[in-house]
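>>> need a structure here:
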Amino acid sequence: MTTTINTIDDFARILRENPDWVDTLRALLLSKELLELPERFAEFAAATNARLDRLESDVAELKEGQARLESDVAELKESQARTQADVAELKEGLEAIMQSQRRIQDDIGYIRGRFTSVATQEEVRGIVAEMGFTYRHTLTKSEIMDLSLSQDTRDIPRPDLRSFRRADFIIEVADADGAINYIAIEASYTLTDYDRQRAVRNAGLMTRFTGQPSHPALTGVRIDNELTDAIANGEILWYEIDEAILAAE
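I've put the predicted structure just below:
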């Protein structure tokens, strides 16, 4: 059978009439790569779809993990807030305990100071005797005040004058020759250099106000190490009170 082809339309018609020619023609016209392209594209599409499915799954899992993380962070923040509140409450309680402890320590310090003052007053004659003098008289607060008011004190700093008027003890004594002297005593459970300074200042003012020799002195249970030299070289007199007499009977 002879087939005549004059136009492209004739060629198209013949291919439609003979579909099996199409594959043969395609094999003649197209390369092997082009012929395999649809199959490869299908494989690529299938692989891409699989990867997209896995990616969607990973994204969903990631979103779920992020949601759990956000929930954990929120819970952590809430826990942290509770912890901060507990710490603040603990600090409040601790500060209250510390304030109470400070008050107790202050009270104990005051009580010890009072016991030391009472012990000094009770043993004053023995204290004066051990310091090498004869006891004559303990000046009252009124006598100390009157003495300071009778003097020109304009050059004395007000805190120093007030401290003098509040001196723990001013004792009138006699020395070995019978001459009048004074002893300015500062009494404290634990004596520091501050007590030494007060005693020295008060003794100096007594000498100024009376014209008589005056001696700084300390009485107490303990002394700071910084006072050791002042006591050893005789700069200040010292009488140690036995702690046992401060104990309750």
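>>> Which neighbouring elements make contact with the least confident helix or strand in the chain by mean pLDDT?
The helix or strand of the chain with the lowest confidence, counting by mean pLDDT, DSSP states H and E, is helix 19-29 at a mean of 72. Applying 3 or more C-beta pairs under 8 Å, 6 or more residues apart in numbering; DSSP states H and E, one finds that helix 19-29 makes contact with helix 8-17. C-betas here are computed from N, CA, C, even on glycine.
>>> what's next to the helix it packs on, contact-wise?
Defining contact as C-beta atoms under 8 Å, 6 or more residues apart in numbering, one finds that helix 8-17 is touched by 3-5, 21-22, 25.
>>> before we move on, what about stretch 160-168?
Residues contacting stretch 160-168 (C-beta under 8 Å, 6+ apart): 117, 120, 141, 144-145, 148, 153, 184-187, 198, 201-202, 205.
>>> what's the longest helix belonging to the chain packed up against?
Counting by DSSP state H, the longest helix found in the chain is helix 32-122. Applying 3+ C-beta pairs under 8 Å, 6+ apart, one finds that helix 32-122 contacts strand 180-187, strand 214-220.
>>> in the longest one, what's buried?
Neighbour counts over strand 180-187 (16 or more other C-beta atoms under 10 Å) mark 181-187 as buried.
>>> Next, count neighbours for residue 84.
10 (other C-beta atoms under 10 Å).
>>> ok, now the one 3 residues further on?
Other residues near residue 87 come to 10 when the count uses other C-beta under 10 Å.
>>> And for residue 151?
Residue 151 has 13 nearby residues by other C-beta under 10 Å.
>>> Now name the helix or strand holding it.
When elements are assigned from DSSP states H and E, residue 151 belongs to no helix and no strand.
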